[in-house]
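Participant: here's a sequence, model it:
(one chain, ligands or ions: 1)
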Amino acid sequence: MSLWISPPNARIGLMKIGIIGTGNMGRTLGGLWAAAGHEVFFGGRRPEAAGEAAVLARAHATAEVRNGTNHEAASFGDVLLYCVRGIDPADAIGDRDVLNGKPLIDLNNRAIPSGFQFEVSPSSLAETLQTQAPNAKVAKAFNMLPQEVFEIERAELQDKHVSVLIATDHQDARIAVEILAHDLGLNPVNAGPLRNARLLESAADLVRYLIARTGPGPLAILSVPLLTSATGSSRFGGRRPSELDGPEPQRIFSVGQHLRVESSGQIDAPVDVLWSFVSNFNNIAHWHPDVIASRLESGTGTDAGSVRNLRLRNGMCIRERLLAISPENHYYKYSVIESPLPMRDHESLVRFTRLNGSRTRVTWIAEFSATGGDAEALANGVKTGVMDLGIEGLTAAATSGRKEV
Ligand SMILES: NC(=O)c1ccc[n+]([C@@H]2O[C@H](COP(=O)([O-])OP(=O)(O)OC[C@H]3O[C@@H](n4cnc5c(N)ncnc54)[C@H](OP(=O)(O)O)[C@@H]3O)[C@@H](O)[C@H]2O)c1
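Facilitator: Residues are numbered from 1 along each chain as shown. The predicted structure follows:
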């Protein structure tokens, strides 16, 4: 199974998306992903609803848009959006096996109870869906944002740092959702394992309560803004150990400031040429200007779990673990596991998207927590010294070959 379209179709970096149940959310999200260049298949039990969505999407699409039954949509998609609430896929699609191995994004929320008297549920729709389709890769996402939010321009959403919280047990499903969220101008936020879908569904209940009962309207959302620490943070004594804190709360409040940094660029080189430089995790010294040596501590450099040990120009040593890599889909994800920099919980996603036969977009997104010092300076340093410089190095390597090491 491939998440992205492989040659000879040659729309690398873009996905085949199946919409199961084309109502308000399926029609809107499918239309937006079609506009972003993905191939979308609208499925539905009523052909006219799927057909209408396809007509609307084609007005904005840059790739082919199809429509038909839910089963056809599920067969077509490498990534599936499940928009039918509380219905077993065996009934909605007529076949569970067609979901096997595929990321299945569940955006459903519970029915609103009479009088908005929500109860906290001991399980979630997403966990039930995972039980019904045990070989699918269920991810809870997009359920906390009302449809009206998706009508807003991408640039505006990006400017406002609107979050998409993702709960899943599957790394490749998480990456698929991160990429799809990013294409909508939204900030993906790791909300942990699928069990936390319970929290996301309860959060959506709160959002709906706010919308309907207390007046802020459908554009009031719950997001995860990344604030900057106060300069005078100990004006009232700061946070001190409390008898209410066990070891876990202590950890929560000592993680520091969470940062998200992004760098991107377009390079005049075919995607395959660029991929040849990064396809082995241990090859970084041949293209990144700041890395003078890389040594594999474990793995082959092409399998998830490989660990590389880097030496930088300033003498600093950094150890990094490859978390996921997809040669056919041209992305890899890694984590800094040891470094003298004041950071923890680092993850970076590097994605290559073919623009045409000789031009490629590189997107590099890093997330981490700053554990001390000047967080803004750390974020700037990572952006310019690691990511921007890395994209410059890839550009140089693609045009003039490997750098001297
Ligand atoms: N609307 C929002 O703002 C929003 C935001 C976040 C999450 N959500 C959640 O997203 C889900 C979909 O919401 P929506 O607004 O898109 O709802 P919707 O417009 O009512 O669409 C629901 C879809 O489910 C299909 N469906 C219903 N019962 C079915 C069945 N027994 N078998 C097969 N298909 C069935 C409907 O088909 P027909 O057209 O044939 O009836 C329709 O395609 C819900 O769980 C909702 O809570 C909604």
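
Participant: rest of the way, CA atoms for contacts and neighbours
Facilitator: OK.

Participant: residue contacts, N190?
Facilitator: Listed by Cα atoms under 8 Å, 6 or more residues apart in numbering, the contact partners of N190 are L165, I166, A167.

Participant: phi, psi for it please.
Facilitator: N190 has phi and psi values of phi -70, psi 110 when expressed as degrees, to the nearest 10.

Participant: if I look at it, how far off is G101?
Facilitator: Distance of N190 to G101, computed by Cα to Cα, to the nearest Å: 21 Å.

Participant: same check on L222?
Facilitator: 31 Å.

Participant: following the helix or strand where G51 lies, which helix or strand shows up next?
Facilitator: Using DSSP states H and E, G51 sits within helix 47-58. The helix or strand immediately downstream of helix 47-58 is strand 65-68, counting by DSSP H and E.

Participant: show me which residues of stretch 88-107 are buried.
Facilitator: Within stretch 88-107, the residues scored as buried using 16 or more other Cα atoms under 10 Å are 88-89, 92-93, 95-99, 101-107.

Participant: ok, so of those residues, who is nearest Q147?
Facilitator: When those are compared for distance to Q147 (Cα to Cα), L107 wins out at 11.2 Å.

Participant: how about the closest residue to that closest one other than its chain neighbours, secondary structure?
Facilitator: By the measure of Cα to Cα, 6 or more residues apart in numbering, the closest residue to L107 outside its immediate chain neighbours is N143, 4.3 Å from it. Secondary structure, DSSP: H, G, I helix; E, B strand; the rest coil: N143 is coil.

Participant: quick one: residues contacting N143.
Facilitator: Contacts of N143 by Cα under 8 Å, 6+ apart are D106, L107, N108, N109, L200, E201, A204.

Participant: let's have the residues you listed in a markdown table, adding pLDDT, secondary structure and distance to E48.
Facilitator: Putting the contacts of N143 into a markdown table (pLDDT from 0 to 100; DSSP: H, G, I helix; E, B strand; the rest coil; distance: Cα to Cα, whole Å) gives the following:
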| residue | pLDDT | secondary structure | distance to E48 |
| --- | --- | --- | --- |
| D106 | 98 | strand | 23 |
| L107 | 98 | coil | 22 |
| N108 | 98 | coil | 22 |
| N109 | 98 | coil | 25 |
| L200 | 98 | helix | 32 |
| E201 | 98 | helix | 30 |
| A204 | 97 | helix | 29 |
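
Participant: in these, find the pair that's most separated.
Facilitator: It's D106 and A204 that sit farthest apart of the contacts of N143, by Cα to Cα, at 13.0 Å.

Participant: shouldn't L394 be within a helix?
Facilitator: Yes - L394 sits within a helix when classified using three-state DSSP.

Participant: spatially nearest residue to it (excluding sequence neighbours)?
Facilitator: W287 is the one closest to L394 (Cα to Cα, 6+ apart), at 5.7 Å.

Participant: ok, that neighbour touching G393?
Facilitator: Yes - assessed by Cα atoms under 8 Å, W287 is found in contact with G393 at 5.3 Å.

Participant: measure the residue nearest to L107 to L29 for me?
Facilitator: According to Cα to Cα, N143 stands 12 Å off from L29.

Participant: name the single longest strand found in this protein.
Facilitator: Using DSSP state E to define each element, the chain has its longest strand at strand 343-356.

Participant: by how many degrees do the helix or strand following it and strand 343-356 diverge?
Facilitator: For strand 343-356, the following helix or strand on the C-terminal side (DSSP H and E) is strand 359-370. When axes from the mean of the first three to the mean of the last three Cα atoms, to 10 degrees is applied, the directions of strand 359-370 and strand 343-356 differ by 170 degrees.

Participant: which other helices and strands contact the helix or strand just after strand 359-370?
Facilitator: Going down the chain from strand 359-370, the next helix or strand is helix 375-382, by DSSP H and E. Under the contact criterion of 3 or more Cα pairs under 8 Å, 6 or more residues apart in numbering; DSSP states H and E, helix 375-382 touches strand 257-267.

Participant: with just CA atoms, put the strand it packs on into PDB.
Facilitator: C-alpha atoms of strand 257-267 as PDB (Å, rounded to 0.1, in the frame of the first residue of the first chain):
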ATOM      1  CA  GLN A 257       8.100  25.900  25.800                       C
ATOM      2  CA  HIS A 258       6.900  23.900  22.800                       C
ATOM      3  CA  LEU A 259       8.100  25.300  19.500                       C
ATOM      4  CA  ARG A 260       7.100  24.600  15.900                       C
ATOM      5  CA  VAL A 261       9.500  25.800  13.100                       C
ATOM      6  CA  GLU A 262       9.000  25.500   9.400                       C
ATOM      7  CA  SER A 263      11.200  26.000   6.400                       C
ATOM      8  CA  SER A 264      10.400  25.400   2.800                       C
ATOM      9  CA  GLY A 265      11.800  26.000  -0.700                       C
ATOM     10  CA  GLN A 266      11.500  25.100  -4.300                       C
ATOM     11  CA  ILE A 267      14.500  23.500  -5.900                       C
END
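
Participant: tell me the helices and strands packed up against that strand.
Facilitator: If contacts are counted by 3+ Cα pairs under 8 Å, 6+ apart, strand 257-267 sits against strand 359-370, helix 375-382, helix 389-400.
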